[in-house]
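Asks: Sequence plus predicted model, see below.
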Amino acid sequence: MPFHRISQWTGGFFEDTSLTKIRLEVHLGHAGEPCPRLTNEWCDTDDEEDHLTEGPWIPLVNDPRMTTVVDTSGLHSLMIRFCKCTDALSPDMQLLETGLFPASFTSPKMAFTFAVLDDFLLDNLECGTSAMNYYSKLRRITSSVFPHLVPDRYRELMRVGRQWRQVKQLKWHGFGHEKRKPKAGELALFCPACPQPGVNLNLSERNESDPAWLYSRSLVMDGNFKAEHLYPTNPSDEVALTDGLGFMVSDARYKMHLSQAQDIVQRSDCNNHRAVNQANASRHKLEATGIGGCACARHGCFVPHSMVDFQKGERQMNMDYALCQALGYNTDGIDWAFTFYDINCQYNKYLSKRIEESPYLDLPWGMDIIPGIGLWHVHGHQDKCYVRYASNFITGAARIDGEIMETLWAPLNIISPSARGMSTPHQKECLDFQMNDCNFMKMIRISKFLCRKFKEAVQGVQDSQYAFDRLSETAEDDTLVKWEAEAVAAQDDRLHNPSSMDIYEQELHLLNRQAQWPASEIHRGAATWLACGITLEESQLALLIDVKKLGKRPTDTQKVAVTFLGDELNTCDHLDEMTEMLDTAEVDSIGSSCEDPDGPNDKDRDDIPVEFNPETVVIPLPSNIGIERCAQWGVADLVLQEILLREGQANDALHAIRVNLADKAVLFRTTVRSAKSQARSTRAWARVHSVDKVIHLNAQIYSKCRKQLMNLGADDLLTKYRPLEKADLKATTVVADPNAHGQRNNVLAWFWSIDVQGDSASNDWMNECGHFTNQSVPVPC
């Protein structure tokens, strides 16, 4: 009611006015009734002696007895009467009991309603609204025509906003009725799902058989250079309200650590990472170039009292302090900690040495740190870093990408520009409040999030287990035992020797398929005769593909090339011999060896003049003649021999497809992506198209081979040799590049695991591919 806007009829129009001008006054301390000890009389504000605002009308009264109250509806001038009784509270406490926060605690003449302070904090959280913009909005609400004439109380809003933020945090964390002062990090929320002994975990009930990773802490480390801060104008006037009580570390101890820590520039044995090269880069006029710290790697909650500011770049001394503070937060009794950092291959080398040499750094006793690199940043490292530090190869790391902190910087980046010029304590308090709200939103949504993730993990375990079992079925028991022993030994030794994980690194040696039949010493046996027919059939497929590519208007060069291939096939001695044999047999119902789906139907064949086309000649093989006719001719034994040769042909075609798919993936990785000019890009794509042509040819050969096996009645082999789908012929970096982004959920096509034991015995790259696939099923959390 006191903040209601009214209008007064002037005889010609309604004019906005104030409740104060109709003698509204607010009495405190007696349930709205006047205090009996009040002595001053009411002064009519409509008197000529009143100091009203001159010029355009503003709904405020310039009277020294008035109290300016800021509400969501704008600024108001109210006559507030305080209680004058001997046992009455101080004026500031009387205002607080009424729901008004005084701008001064000695002689309050201005107050903010709790509603407007809550609204300001909410606008700051959700919209990133600065105090200046918010107060400008209130001035326009007060007077939309002349907002510049409304008194400027921006500084008061800044000060009261800080106090209100502190009061809210003390209340939310249980310090509203306690005299005990909060300790470091006690005014901050943390992840409810991560193990915290004494909070959500009782280690006394832990089973000895439980693996150590089941009670581990997963952290991700990162820096943000958007949260800059200028040097303060008056450092002596700065007052910290929640120093070290939230997410930002305590200022005094952190500065002592920085003053004694030695900044040693280490040479990187990995790629040139910007975080390493620019660690000592400083910028003028900036007290802090950014912030960095730790967060929960699984659920994305900031760790209390683990955020630090950078004086130059992302130096190790800064991140060391943040990591030690994060690992010391509610971790009593936890033995393992997974840490994911963009440059962990360099950062973790001398971490233990730096901690031992600093009196301000400490780790929980008995805790082992397992380093890792996020699945996105690891692709900017050398290939060896992938198997050593990617979460896919860390037992117990679960299905995490180690990049979740990149998403947490987004809301902080919204308020960072407005906090750039604040005082140092004020900026840290704003960041603390934003991070605390981020954790709060994670907490209230985590139940639905975990349920959805659990369903996805259950399905993922089934898919992974199916692919794992399918791979294991094709390998011998001795090979599986060997692989498992090597994997266990590597995991046990990775903490002290990361290079032990190099057994997972794939070193592909691409093999080119050379299916060449000897041109001389042709044996006249049945197997040789069948093999020659199959070879001719493959040549027909290659020629038919080239013929179909001619189109309606082929060029002279294309015509010459196709004619040359046709002449070579036409002059082949084996084709002449088999054609003569076919002419002596009844082949009316055999059909073409290489059928053209666009060709004429049977009714129109008699009207077409006979023309010899070598690509469409029927090869007199048992698969073309038919099983029954072979039995009539007394050559039924050739059916079994062709089945054996067709099985070898299918294996050769699949092997060629696998090798060329891997070759294509390598070309994309090493040639296409690195091409910086148009000429290099054209040559790179020409090589890719050449490989595509080979893949297409072998796919046609395999499809024809499978069709002939169907004609031969080899149904038992058809379950092994499945039909080729278009998606199966897509090049994947899972095979050619272990350092590949986005491959965690990919499943290889069926022909990659059709004969693991045979491939392992004859090909080193398939053996190492088995190492890559033979991993433990990810933990569904």
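Replies: Good, I have the coordinates. Residues are numbered from 1 along each chain as shown.
Asks: remind me which residues of this protein are low pLDDT?
Replies: Across the chain, the ranges flagged by pLDDT under 70 are 1, 40-59, 61-62, 265-266, 271-284, 506-525, 551-615, 732-746, 755-781.
Asks: Give me the helices and strands touching whichever helix in it runs longest, please.
Replies: If you go by DSSP state H, the chain has its longest helix at helix 424-473. Applying 3 or more CB pairs under 8 Å, 6 or more residues apart in numbering; DSSP states H and E, one finds that helix 424-473 contacts helix 114-126, helix 154-172, helix 404-419, helix 764-773. To be clear about C-beta, it is placed using only N, CA and C from the backbone, and glycine gets the same treatment.
Asks: For the ones you listed, state which one has the densest average packing.
Replies: With neighbours taken as mean count of other CB atoms under 10 Å, these reach their highest mean count in helix 764-773, at a mean of 20.
Asks: mind listing what the closest residue to G176 other than its chain neighbours touches?
Replies: Using CB to CB, 6 or more residues apart in numbering and skipping the chain neighbours, the partner closest in space to G176 is L170 (6.1 Å). Residues near L170 by CB atoms under 8 Å, 6 or more residues apart in numbering: 176, 182, 187.
Asks: out of the helices and strands packed on helix 424-473, nearest to A193?
Replies: helix 404-419 (13.3 Å; CB to CB).
Asks: Determine how far the closest one lies from the middle of the whole chain.
Replies: In terms of CA atoms, centre = their mean, to the nearest Å, the centre of helix 404-419 is set 17 Å apart from its chain centre.
Asks: could you say what helices and strands it packs with?
Replies: Judged by 3+ CB pairs under 8 Å, 6+ apart, the packing partners of helix 404-419 are strand 216-224, strand 290-296, helix 424-473.
Asks: Send over the second one as CSV, restricted to the C-alpha atoms.
Replies: Think strand 290-296. Provided in CSV are the C-alpha atoms of strand 290-296 (Å, rounded to 0.1, in the frame of the first residue of the first chain):
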residue,chain,number,x,y,z
GLY,A,290,41.5,-14.1,-15.4
ILE,A,291,40.5,-16.8,-12.9
GLY,A,292,41.0,-20.6,-12.7
GLY,A,293,40.1,-23.4,-10.5
CYS,A,294,38.5,-26.8,-10.2
ALA,A,295,35.0,-28.3,-10.6
CYS,A,296,33.4,-31.7,-10.3
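Asks: And for it, what's in contact with it?
Replies: With contact meaning CB under 8 Å, 6+ apart, strand 290-296 is reached by 190-191, 194, 218-228, 247-248, 301-303, 306-310, 314, 318-319, 322-323, 325-326, 404-405, 408, 431.
Asks: So among those, which ones count as buried?
Replies: Among these, the ones that count as buried by 16 or more other CB atoms under 10 Å are 190-191, 194, 218-225, 227-228, 247-248, 301-303, 306-310, 314, 318-319, 322-323, 325-326, 404-405, 408, 431.
Asks: And the contacts of stretch 723-734?
Replies: Stretch 723-734 is contacted by residues 657, 661-662, 664-665, 668-669, 695, 699, 702-703, 706, 740, 743, 746, 748-751, 772 when judged by CB under 8 Å, 6+ apart.
Asks: What of stretch 690-700?
Replies: 513, 541-542, 545, 653-654, 656-657, 660-661, 663-664, 667, 724, 729.
Asks: Between the residues you listed, which sits nearest A240?
Replies: So of these, ranked by how close each gets to A240 (CB to CB), first place is L667, at 58.6 Å.
Asks: Sticking with that closest one, tell me its helix or strand.
Replies: helix 637-667 (DSSP states H and E).
Asks: likewise Q325?
Replies: Counting by DSSP H and E, Q325 is found in helix 316-327.
Asks: Now the spatially most central residue of the chain: closest residue in space, sequence neighbours ignored.
Replies: Nearest to the mean C-alpha position of the chain, by CA atoms, centre = their mean, lies E403 at 5.3 Å. In space, and not counting its chain neighbours, E403 is closest to G374: 4.1 Å by CB to CB, 6+ apart.
Asks: can you pull the contacts of the one you found?
Replies: 220, 340, 342, 391, 401-403.
Asks: Phi, psi for it please.
Replies: Reported as degrees, to the nearest 10, the phi and psi values for G374 are phi -60, psi 150.
Asks: ok, now how distant is it from R680?
Replies: 31 Å (CB to CB, to the nearest Å).
Asks: swap in M441?
Replies: Distance from M441 to R680, by CB to CB: 48 Å.
Asks: doesn't P235 make contact with P425?
Replies: No. The criterion here is CB atoms under 8 Å, and P425 misses it with P235 at 10.5 Å.
Asks: what about the helices in the stretch 451-600 of the chain?
Replies: With DSSP state H, counting those that start in this stretch as the criterion, the stretch 451-600 of the chain has helices at 477-493, 526-548, 556-570, 573-583.
Asks: Check the stretch 1-150 of the chain too.
Replies: Secondary structure of the stretch 1-150 of the chain by DSSP H, counting those that start in this stretch: the helices cover 91-98, 114-126, 131-142.
Asks: For D332, find the nearest of these.
Replies: Of the helices of the stretch 1-150 of the chain, nearest to D332 by CB to CB is helix 114-126, at 32.8 Å.
Asks: Go ahead and name everything in contact with the helix or strand where E628 lies.
Replies: Assigned by DSSP H and E, E628 belongs to helix 627-633. For helix 627-633, contacts defined as CB under 8 Å, 6+ apart pick out 585-586, 622, 625, 636, 638-639, 711-713.
Asks: Filter those down to the buried ones, ChimeraX style.
Replies: This is the ChimeraX syntax for the buried subset of the contacts of helix 627-633, where burial follows 16+ other CB under 10 Å:
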select :622,625,638,639,711,712
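Asks: As JSON lines, the contacts of helix 627-633 with distance to D478 would be great.
Replies: Formatted as JSON lines, those follow (distance: CB to CB, whole Å):
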{"residue": "A585", "distance to D478": "50"}
{"residue": "E586", "distance to D478": "53"}
{"residue": "P622", "distance to D478": "39"}
{"residue": "I625", "distance to D478": "44"}
{"residue": "A636", "distance to D478": "40"}
{"residue": "L638", "distance to D478": "38"}
{"residue": "V639", "distance to D478": "36"}
{"residue": "N711", "distance to D478": "39"}
{"residue": "L712", "distance to D478": "35"}
{"residue": "G713", "distance to D478": "35"}
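Asks: L138: which of the contacts of helix 627-633 is nearest?
Replies: Among the contacts of helix 627-633, and counting by CB to CB, the member closest to L138 is N711, at 85.6 Å.
Asks: So what does the closest one have for phi and psi?
Replies: According to degrees, to the nearest 10, N711 has phi -70, psi -30.
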